[in-house]
Structures are given as structure tokens and as C-alpha cells.
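Asker: Kindly return the folded structure for what I paste below:
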Amino acid sequence: MPSTTRRDIASAYLASFTKLASWLTVSALVYRHLGPAPFALLALIRSTIGLLTYTSLGLAPSLIHHLAQIKGDTATYCPSLTSRQRAGIAPDFSLNKGDTAAYPSPNSLPLAYSTATLTSLFLSLVGTLLLILLSSHTSLWLRIPPDYTSAAPTLILTLGLGLLARLLSDPPSAHLQTHHHITTDNLLLSSSDLLWILLFSLHPTLPNAGASFLYANLFLLLSRYTLAHRLSNSRNATRRCASPKYFSLPLARSLLAYGFFITLAQLADYLYAPTDYLLINHLFPHPTAPLAA
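Answerer: Below is the predicted model of the structure:
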């Protein structure tokens, strides 16, 4: 769907609404069908694995910023592999000007897309290792009632992997948004949230709360990557470039350095929230203080 300013704004509000509505609806269904304890467990795990969003290190906004800067560059294609690249040698951008024709430009859209995709994959693997560590030693990190200690690891893994799948879809999302498909990307995001509600409502059990979340985000991941290839003018070039042969370490560092400050700002906001409660309880030591805790 072609983007217009009105459509982009409306779809952005729709995406925000469906994200909020999905968590509210699933939480309400858990509370109604399963009781307060499973609801509390879902809320606890959700707030804990929410920290995994910081493993992306702000890659999505950083990639959008970078693609917006280089969009329109003439070198928006990837040439076929040379004998030097087939030998396993990465592209060298320090070559003389006359020799760079055989390699993708550092300002190439496909190169940026490929670098961000591989970087996102690496960060997702790191997040997966953290998930495995958390789920295998749940009692060390979380205080969970004995009746739910067996269900917690599975819920942590499925919810966490679903969140990582959403983060892994950030590069194609940035690709879509910088190619005038913001509305389409937002509609895909909303569809995945609605799909989660549908899948969970069909079988409202605690394990399915995580499993349905994972399935919905896998749908988002596949949809974004599929459309990013179909809607891009350089679809074939992008497909060839999405490999380690077209990975630029300096570009990856640049993307992560820009995104790090975005993540730092988000993390500061996250860490600031408990400070409110500490200040309120300290400054208002009277019977109304517990209301803020």
C-alpha cells in the first residue's frame, strides 16, 4: 500500500493501539480463565524479558537513519562475486578509486541492509543465549511459586523467542519504511498483534500464551522479509548481498554506535521509573505513601 502522510500517521496510531490492546486482551483472558496467579506470572515474565529489547542496541532507528542518508545513491546494486570474493576475502573499501567498481559501494543500500541483517542475527543469538540462561536457572533470577516453577521456563523461552523474532524483523522493517511503505509495515505489525489475540483466544492456556506470541511474531518476521524483497527496486541485488560476503564491520560499528545512544536514552527512562517511587515514599512518609509503591 503506497504511503501518504495521513496513512502513515493513522497506521502508526493503529500499531500502537493494537500492541496495547493485545497485551490487555491476553492478560485479561489469562486472569479470567486461569486465575490471578498465572496472570501475575505472565506479568512478571513479560516485564523481565522486556529487557531483551535492549539487545537490539537501537539497530532499527539507526538503520533507518543510515538508509535515509544514502538513499538515492547511484551504487544501489551489488555486482556478482569476483574471484577474490569467492576465495573468502571480504570486500576491501580501501582500494584505489579505479578498482572499486568490482565491489559494492560503502554507501550501497544492499550493503547496509545486509550488514544490518547479519548484525541483527548476531544480536538475536546473544539474546537467545541469555534466554537459555534465564530459563535454565529461573529460581536464581525470579521468585516463582512452586506450583508454577515447571511452567515458567517454557513461558520464558516462547515469549522471549517471540520478542527476538520481532527484533530480528527490524532490518526489513527499516527497508520498507525508507522505501515509502511505512503504512504497509505498520499494518503488518498490527496484524501480528491481532493474530496473537486470535491464536490465544482459541486455546487460552498459560503455555499457549507464549507459543501464540511466538507464532504471531514469526509471521511478522516472514512477512516483513518477504515484502522487503518484493517491494524493493533492487530485490535481486539485495538477495545476493544478504550474505557474509557483503558484511562491512566499519558500517556495523557505525550503526551500533548511533543506536547505542538511542538505547541509552531508552534505558535511562526505564531506570528512572523506580526512582519516582523512591522519591515519593521518601518525601511523603505518611499513610498515603504506600499507594505509590
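
Asker: When you work out contacts or count neighbours from here on, use the C-alpha atoms and nothing else.
Answerer: OK.

Asker: pLDDT value on residue 214, please?
Answerer: Confidence per residue is given as pLDDT, and for residue 214 that number is 95.

Asker: Which of the helices or strands spans the nearest residue to it once chain neighbours are set aside?
Answerer: Ranked by CA to CA, 6 or more residues apart in numbering and with sequence neighbours excluded, the top spatial neighbour of residue 214 is residue 162, at 3.9 Å. With elements delineated by DSSP states H and E, residue 162 resides in helix 152-168, which encompasses its position.

Asker: Could you check that helix and say which residues are buried?
Answerer: Within helix 152-168, the residues that qualify as buried are 152-168, counting by 16 or more other CA atoms under 10 Å.

Asker: Now do that helix: everything it contacts.
Answerer: 41, 45-46, 49, 52-53, 56, 117, 120-121, 124, 127-128, 131-132, 134-136, 138, 206-207, 209-211, 213-218, 220-221 (CA atoms under 8 Å, 6 or more residues apart in numbering).

Asker: One more: stretch 15-32?
Answerer: When contacts are defined by CA under 8 Å, 6+ apart, stretch 15-32 is touched by residues 38-39, 42-43, 186-187, 189-190, 193-194, 196-197, 200-201, 204-206, 209.

Asker: Select only the buried ones of those residues in PyMOL?
Answerer: Selection of the buried residues among the contacts of stretch 15-32 in PyMOL, burial being defined by 16+ other CA under 10 Å:
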select buried, resi 38+39+42+186+187+189+190+193+194+196+197+200+201+204+205+206+209
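
Asker: So which of the contacts of stretch 15-32 belong to helices?
Answerer: Counting by DSSP state H, the part of the contacts of stretch 15-32 found in helices is 38-39, 42-43, 186-187, 189-190, 193-194, 196-197, 200-201, 206, 209.

Asker: among those, which one has the lowest pLDDT?
Answerer: residue 43 (85).

Asker: Apart from its neighbours in sequence, what residue is nearest that one?
Answerer: The shortest distance from residue 43 to any non-neighbouring residue, by CA to CA, 6+ apart, is to residue 27 (8.0 Å).

Asker: and that neighbour, what pLDDT?
Answerer: 91.

Asker: Please identify which helix or strand holds it.
Answerer: Using DSSP H and E, residue 27 sits in helix 5-34.

Asker: So, low pLDDT: which residues of the protein?
Answerer: Across the chain, the stretches falling below the confidence threshold (pLDDT under 70) are 1-3, 55-57, 64-108, 231-245, 266, 268-293.

Asker: Angles on the backbone of residue 149, please.
Answerer: As for residue 149, its main-chain torsions (degrees, to the nearest 10) stand at phi -70, psi -30.

Asker: and it, how many neighbours?
Answerer: Using other CA atoms under 10 Å as the criterion, residue 149 is surrounded by 14 other residues.

Asker: Against residue 157, how distant is the residue nearest to residue 58 when sequence neighbours are not counted?
Answerer: Nearest non-adjacent residue to residue 58, counting by CA to CA, 6+ apart: residue 259, 4.0 Å away. Here residue 259 is placed at a distance of 26 Å from residue 157 (CA to CA, to the nearest Å).

Asker: now do residue 204
Answerer: 18 Å.

Asker: Dihedrals phi and psi, residue 205?
Answerer: Reported as degrees, to the nearest 10, the phi and psi values for residue 205 are phi -120, psi 160.

Asker: my guess is it meets residue 35, correct?
Answerer: No: contact status for residue 205 versus residue 35: not in contact, 10.8 Å apart, counting by CA atoms under 8 Å.

Asker: what helices or strands is whatever helix or strand residue 216 lives in leaning on?
Answerer: Taking DSSP H and E as the definition, one finds residue 216 inside helix 206-231. Counting contacts by 3 or more CA pairs under 8 Å, 6 or more residues apart in numbering; DSSP states H and E, helix 206-231 packs against helix 5-34, helix 152-168, helix 170-177, helix 182-202, helix 235-241.
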